[in-house]
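Chemist: Structure for the following, please:
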Amino acid sequence: MGDTTTRSTLAATLPSSVPVALVLASASVRSFSSSLRMNVLRTLGASVLVWSEALAVIFLLTAFDGIAGWSTAEVLLLLGIADAGLGLGMLLGEPLEPPTFSQLLRDGRFDQVLTRPMSPLLWVIVNDVQIRNVGRVLAGLAIATGGAGAAGVSLTPAAVALVLGAITAMATIVVAILAIGAAITMWTIEGTEVLNAFTYGGATLSGWPLQIYSSALRAVFLWVVPVGAAVYLPTLRLLDREGIGIANQDLLPALPLLVAAFCALAVVAWKAGLRHHTGAGG
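Modeler: All right, here's what the predicted structure looks like:
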């Protein structure tokens with residue numbers, strides 16, 4: 001009887017978390033409009049930052065006629081996908097960044113989250129959606145589109161789907177990295193920004209051909225934290241280019257497995273953090 005009641009309660013609770021999440025996300029969007037001028041400026045600032053990176057690539061590579069056999073347009077395609085993926089990932093996961101999540105723990109607000117009938121991870125994400133990251137996403141998409149066109153890539157439905165898939169894979173990995181960082185913060189309380197090397201640093205690295213990096217660095221960003229794989233492998237297919245070593249077009253079907261494996265690691269880390277968390281007074 002008790003098991004039946006528990007199952008019924010869970011069945012009623014889990015679906016209810018969806019509308020709650022939508023309400024929280026909607027509140028975040030409304031908070032954006034409440035300080036519209038400032039938030040629009042922040043959104044434009046995020047976009048300008050991406051365009052500045054693209055201009056730096058153009059000025060640098062035009063002088064050297066490309067890098068490692070990649071043309072300026074091809075590198076811009078990499079850069080655009082990487083930045084759009086980072087922007088989408090931060091749009092969803094920025095509240096998990098160690099300094100922000102650490103404050104949530106120290107204020108005791110996370111303890112309140114744990115008493116609510118919805119996933120704590122989902123609550124943290126939707127309660128503070130950072131709309132300004134849309135600027136990074138849109139700028140990245142524009143740069144990727146321009147780079148693809150200049151590189152001679154026909155934007156067929158299949159090509160567009162491949163670009164969007166690469167951006168989604170990149171964003172998923174970014175959120176997983178942030179979840180791992182939040183899990184570590186549950187142990188340390190004081191957040192560490194070491195994982196920025198894999199979010200912002202990973203996006204920067206992915207915006208360049210993997211040929212220019214050492215084999216050890218390529219291995220880390222292909223197999224351990226696969227941000228490089230998320231951007232590089234789909235771009236190889238789009239450009240019909242050979243890769244380096246086993247990192248070539250033939251490896252593209254393995255990308256969903258790499259992303260899923262890393263997400264599974266993030267889930268394990270998050271659950272371990274929740275088990276360790278003892279509350280603001282612990």
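Chemist: contacting residues around residue 187?
Modeler: With contacts defined as CB atoms under 8 Å, 6 or more residues apart in numbering, the neighbours of residue 187 are 273, 276. Yep, even glycine has a C-beta here, placed from its N, CA and C like the rest.
Chemist: Excluding sequence neighbours, find me the nearest residue to residue 212.
Modeler: residue 68 (5.1 Å; CB to CB, 6 or more residues apart in numbering).
Chemist: same check, this time on residue 234
Modeler: Counting by CB to CB, 6+ apart, the residue nearest residue 234 is residue 166, at 3.8 Å.
Chemist: Against residue 248, how distant is the residue nearest to residue 244 when sequence neighbours are not counted?
Modeler: Nearest non-adjacent residue to residue 244, counting by CB to CB, 6+ apart: residue 211, 5.2 Å away. Relative to residue 248, residue 211 is positioned 12 Å away (CB to CB, to the nearest Å).
Chemist: now residue 87
Modeler: 28 Å.
Chemist: Comparing those two, which shows the higher neighbour count?
Modeler: Taking neighbours as other CB atoms under 10 Å, residue 87 and residue 248 compare with residue 87 leading, 29 against 15.
Chemist: is it true that the more buried one touches residue 130?
Modeler: No. Between residue 87 and residue 130 there is no contact under CB atoms under 8 Å: 9.8 Å.
Chemist: Run through the residues that contact residue 254.
Modeler: Counted by CB under 8 Å, 6+ apart, residue 254 has zero contacts.
Chemist: Angles on the backbone of it, please.
Modeler: phi -80, psi -10 (degrees, to the nearest 10).
Chemist: Name the residues of the strand or helix carrying residue 112 that are buried.
Modeler: In this assignment (DSSP states H and E), residue 112 forms part of helix 109-113. By neighbour count on 16 or more other CB atoms under 10 Å, the buried set for helix 109-113 is 110-111, 113.
Chemist: next SSE after it?
Modeler: helix 120-127.
Chemist: did I read that right, the residue nearest to residue 244 in a helix?
Modeler: Yes. Using DSSP: H, G, I helix; E, B strand; the rest coil, the assignment for residue 211 is a helix.
Chemist: Tell me where the stretch 101-250 of the chain is predicted with low confidence.
Modeler: 191 (pLDDT under 70).
Chemist: quick revisit: can I assume the residue nearest to residue 244 is in contact with residue 68?
Modeler: Yes. Using CB under 8 Å, residue 211 is in contact with residue 68, at 4.1 Å.
Chemist: Of those two, which one has the most company?
Modeler: More crowded of residue 211 and residue 68, by other CB under 10 Å: residue 211, with 15 against 12.
Chemist: which ones are touching the more buried one?
Modeler: Counting by CB under 8 Å, 6+ apart, residue 211 has contacts 68-70, 244.
Chemist: Now do the helices in the chain.
Modeler: Taking DSSP state H as the test, the helices found in the chain are 2-34, 36-64, 72-93, 98-106, 109-113, 120-127, 133-150, 157-188, 200-206, 215-219, 227-239, 255-276.
Chemist: possible to save those helices as CSV with distance to residue 194?
Modeler: Shown next, in CSV, are the helices of the chain (distance: least, CB to CB, whole Å):
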stretch, distance to residue 194
helix 2-34, 27
helix 36-64, 22
helix 72-93, 16
helix 98-106, 8
helix 109-113, 21
helix 120-127, 20
helix 133-150, 21
helix 157-188, 8
helix 200-206, 10
helix 215-219, 16
helix 227-239, 15
helix 255-276, 14
